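J.: structure for the following, please:
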Amino acid sequence: MTPNRKLMTAAAAVIVLVLAPVAAAAGTSSPGTSTSPVVIHVVEHAITDTVQEFHPHTASLGDVLAWHNPVYNASDAQQVATDNGYCVRTVATGKTEWECAWTTFLPGGQITVEGPYYDDGTDTTLAITGGTGIYAGADGSMLLHARNSAGSEYDFIFTLTS
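T.: Prediction:
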């Protein structure tokens with residue numbers, strides 16, 4: 001076996017071993033091998049979220065939220081990924097809202113989403129806008145669900161339709 005082939009075989013084995021717990025927790029197979037939607041369920045721990053307020057100490061149009069957080073498997077027992085993103089406040093009165101974009105760095109590739117987030121923790125559905133690696137060409141949606149009232153943990157439930 002050539003050195004390149006050995007490297008590719010080893011890399012494929014590592015990807016399978018690392019991704020298996022994520023796929024098993026979601027009860028799915030690899031996106032490339034399924035004709036039905038693939039569901040990936042992970043849990044974000046929002047520990048680095050930082051808000052830069054346009055007008056200090058008030059919710060203002062244009063405020064920015066940024067983060068880079070650890071992401072755990074569906075049972076919230078083991079870190080399996082990270083995410084990185086930002087939101088801009090688009091509604092500052094009443095039911096306050098952000099418009100967000102972020103990337104979740106999973107074993108085997110990345111999935112990028114875009115859509116709304118409400119300060120009150122209301123569930124939202126974001127659009128999957130793309131992916132890399134085994135998620136190249138991904139589309140579908142992601143359900144964002146606050147697991148607690150503190151806003152410190154969120155379910156990300158990706159439904160990949162291609």
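J.: pLDDT-wise, which helix or strand of this protein ranks last?
T.: helix 3-26 (a mean of 40; mean pLDDT, DSSP states H and E).
J.: pairing partners for the next helix or strand after that helix, with directions?
T.: For helix 3-26, the following helix or strand on the C-terminal side (DSSP states H and E) is strand 38-45. Paired strands of strand 38-45, with direction, are strand 64-73 (antiparallel), strand 153-160 (antiparallel) (DSSP bridges).
J.: dihedrals phi and psi, Tyr135?
T.: Dihedral pair for Tyr135: phi -100, psi 10, per degrees, to the nearest 10.
J.: I figured it hits Thr104, correct?
T.: No: in this structure, Tyr135 is not within contact of Thr104 by CB atoms under 8 Å, at 9.4 Å. The C-beta positions use only the backbone N, C-alpha and C, and glycine is treated the same way.
J.: anything in contact with each of these two?
T.: Residues touching both Tyr135 and Thr104 (CB atoms under 8 Å, 6 or more residues apart in numbering): 110-111.
J.: any low-confidence regions in this structure?
T.: By pLDDT under 70, the weakly predicted segments of the chain are 1-34.
J.: check which residues of the lengthiest strand in the chain are buried.
T.: Taking DSSP state E as the assignment, the strand of the chain that covers the most residues is strand 79-91. Within strand 79-91, the residues that count as buried by 16 or more other CB atoms under 10 Å are 80-81, 83, 85, 87, 89.
J.: helices or strands up against it?
T.: helix 3-26, strand 38-45, strand 64-73, strand 97-106 (3 or more CB pairs under 8 Å, 6 or more residues apart in numbering; DSSP states H and E).
J.: winner for burial among the strands paired with strand 38-45?
T.: Across the strands paired with strand 38-45, averaging neighbours per residue (mean count of other CB atoms under 10 Å) puts strand 153-160 on top, at a mean of 20.
J.: which of the strands paired with strand 38-45 sits closest to Ala127?
T.: For Ala127, the closest of the strands paired with strand 38-45 is strand 153-160, at 11.1 Å, according to CB to CB.
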